[in-house]
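In: got a predicted model here, sequence first, then my questions.
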Amino acid sequence: MAQAPIKGKRISFLLQKVTELGITEIAPIISERTVVRNVNIQRWQKIVEEASKQSFRISIPKIKKEATFKEFIEDARYYTTKVILSPSGNVHIREFMESLSSPKDLVFLVGPEGGFTKGELDYAKSLGFLEVSLGKRILRAETSPLVFLSILEYKWGRL
């Protein structure tokens, strides 16, 4: 998961919950609309370590180094399945799940408050990212990854 940092305690909540849901890597990305520009990688790592212990996970998610949106998109070329979560996505989550045979080797991006810009979405799509919508409602930056991971969990069991 690549996540634009969000304000306050919401990032702690998000890191705990995605850890409980089985995420393996978390990459902080700085996009055009990102408000929080300084990421404390050690703090993020401590949060996922504690959440891993609490949820009896054997493996601890890795917190990757901070990158710009463009750097991350370009480095993600080796992933087989690339998703950018967006309310304006032209592929509904149901269609996406029907077309996906396995959750392995999947990366997904979650924007900041206010979402990604049109230019960022277009750039990601030009490099093979699929713009996926989770439905008609606009979900908060800390809610959409939980919904997405829960749907993956429902279809494939323990990730």
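Out: Ah, there it is. Owing to the predicted nature of the structure, the values given are computational and were not obtained by experimental measurement. Numbers count the residues shown, from 1 in each chain.
In: for the residue lying closest to Lys70 once chain neighbours are set aside, phi and psi?
Out: Distances taken as Cβ to Cβ, 6 or more residues apart in numbering place Tyr123 nearest to Lys70, at 7.0 Å, with adjacent residues excluded. For the C-beta atoms, the positions are set from N, CA and C on the backbone; glycine is no exception. Main-chain torsions, Tyr123, degrees, to the nearest 10: phi -70, psi -50.
In: number of nearby residues for Tyr123?
Out: Look at Tyr123: counted by other Cβ atoms under 10 Å, it has 17 neighbours.
In: quick one, what contacts it?
Out: Counting by Cβ atoms under 8 Å, 6 or more residues apart in numbering, Tyr123 touches 69-70, 73.
In: quick one: contacts for the closest residue to Arg57 other than its chain neighbours?
Out: Spatial nearest neighbour of Arg57, chain neighbours left out: Thr19 (6.9 Å); criterion: Cβ to Cβ, 6+ apart. Contact analysis of Thr19 by Cβ under 8 Å, 6+ apart lists 47-48, 51-52, 55, 57, 61.
In: helices - which of these land there?
Out: 47-48, 51-52 (DSSP state H).
In: fine by me, we can end here.
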